[in-house]
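*Asks:* the sequence isn't on hand, but the structure is:
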C-alpha cells in the first residue's frame, strides 16, 4: 500500500509540475530556475542523451521544427540532423546537418537494431512530458511553450566513456561551454557566436 501511495504521489507531482529529472532527484538546474525546466539530468554522470536512429526520415503533419535524429538511411554515412523546416542554401529538405559534414559508419550499431520488416510500430507509443497528449510524432515529445530541456552536462567529451552514435551532451566548463554531438565517428561542437 505504501508503494502504491508513493507511485500515485509521484504521478500527481509530475502531472502538476510536468518536470522530470533523470538520474537523481536534484538534477543540475538551480532551485530558483526549476520552473523553466521540463526535463533535466543528474550532474556528474558523464553520460549523454542518445537520439533515435532512423532508416526513413519522418515527414507529414507530425514532423515539427526542433526534431533531432540520427539519419541512418545510409548506415555507412550517418549524420546527426535536426529539422528546422527551412529550405535554402544549407538544406534542400528542411533537415540541418549537425555533424558539420562529417559522416560516420554506424552499420555495427544498426545491426543491433530490429529489422524494418520485423517491427510493427505503434504510432501512439511515445513518452510525452509536459502535456497529456501531443499531435507530434516522436519517441519522446516535450510539450511546453515556456519550459525547456537541459542536456546532460560534462566537463569534457573525453570524460564520456564509449559514446554511442547520436549522443548529445552540454560541455559546462569555463571557457569551453558548448553543445557536443557524437555521430558515431567524431564529436561536433556548437558554440553560440
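*Replies:* Received the coordinates, thanks. Note that the structure is predicted; figures quoted are calculated from it, not measured. Numbers count the residues shown, from 1 in each chain.
*Asks:* residue 113 contacts residue 54, doesn't it?
*Replies:* No: under the criterion of C-beta atoms under 8 Å, residue 113 is not in contact with residue 54, lying 10.2 Å apart. No exception for glycine: its C-beta is placed from N, CA and C like everyone else's.
*Asks:* please enumerate the helices of this structure.
*Replies:* If DSSP state H is used as the criterion, the helices of the chain fall at 2-17, 107-111.
*Asks:* worst average pLDDT in those helices?
*Replies:* Among these, helix 2-17 has the lowest mean pLDDT, at a mean of 41.
*Asks:* what is the burial count for residue 140?
*Replies:* Residues contacting residue 140 under the criterion other C-beta atoms under 10 Å number 13.
*Asks:* what's the answer for residue 92, then?
*Replies:* Around residue 92 sit 8 other residues, with neighbours defined as other C-beta under 10 Å.
*Asks:* distance check, it against residue 86.
*Replies:* Separation of residue 92 from residue 86 (C-beta to C-beta, to the nearest Å) stands at 11 Å.
*Asks:* same thing with residue 129?
*Replies:* 26 Å.
*Asks:* who has more neighbours, those two?
*Replies:* Taking neighbours as other C-beta under 10 Å, residue 129 and residue 86 compare with residue 129 leading, 18 against 12.
*Asks:* which stretches of the protein have low pLDDT?
*Replies:* Low-confidence regions of the chain, defined here as pLDDT under 70, cover residues 1-18, 116-119, 121, 123-124, 193.
*Asks:* could you pull out the strands for it?
*Replies:* Taking DSSP state E, the strands of the chain run over residues 20-22, 37-41, 49-50, 53-54, 68-71, 79-83, 95-97, 127-129, 140-142, 148-149, 153-154, 167-171, 178-182, 187-190.
*Asks:* kindly reformat these as CSV containing distance to residue 104.
*Replies:* Formatted as CSV, these follow (distance: least, C-beta to C-beta, whole Å):
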stretch, distance to residue 104
strand 20-22, 25
strand 37-41, 24
strand 49-50, 14
strand 53-54, 11
strand 68-71, 9
strand 79-83, 8
strand 95-97, 12
strand 127-129, 26
strand 140-142, 22
strand 148-149, 24
strand 153-154, 20
strand 167-171, 11
strand 178-182, 8
strand 187-190, 10
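*Asks:* identify the residues contacting stretch 63-70?
*Replies:* Contacting residues not belonging to stretch 63-70 are listed as 51-54, 57-58, 78-85, 98, 106, 136-138, 165-166, 168, 183-184 [C-beta atoms under 8 Å, 6 or more residues apart in numbering].
*Asks:* could you give me the ChimeraX syntax to select whichever of those residues are buried?
*Replies:* Selecting only the buried entries of those in ChimeraX, with 16 or more other C-beta atoms under 10 Å as the criterion:
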select :51,53,54,57,58,78,79,80,81,82,83,98,106,136,137,138,165,166,168,183,184
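*Asks:* fine by me, we can end here.
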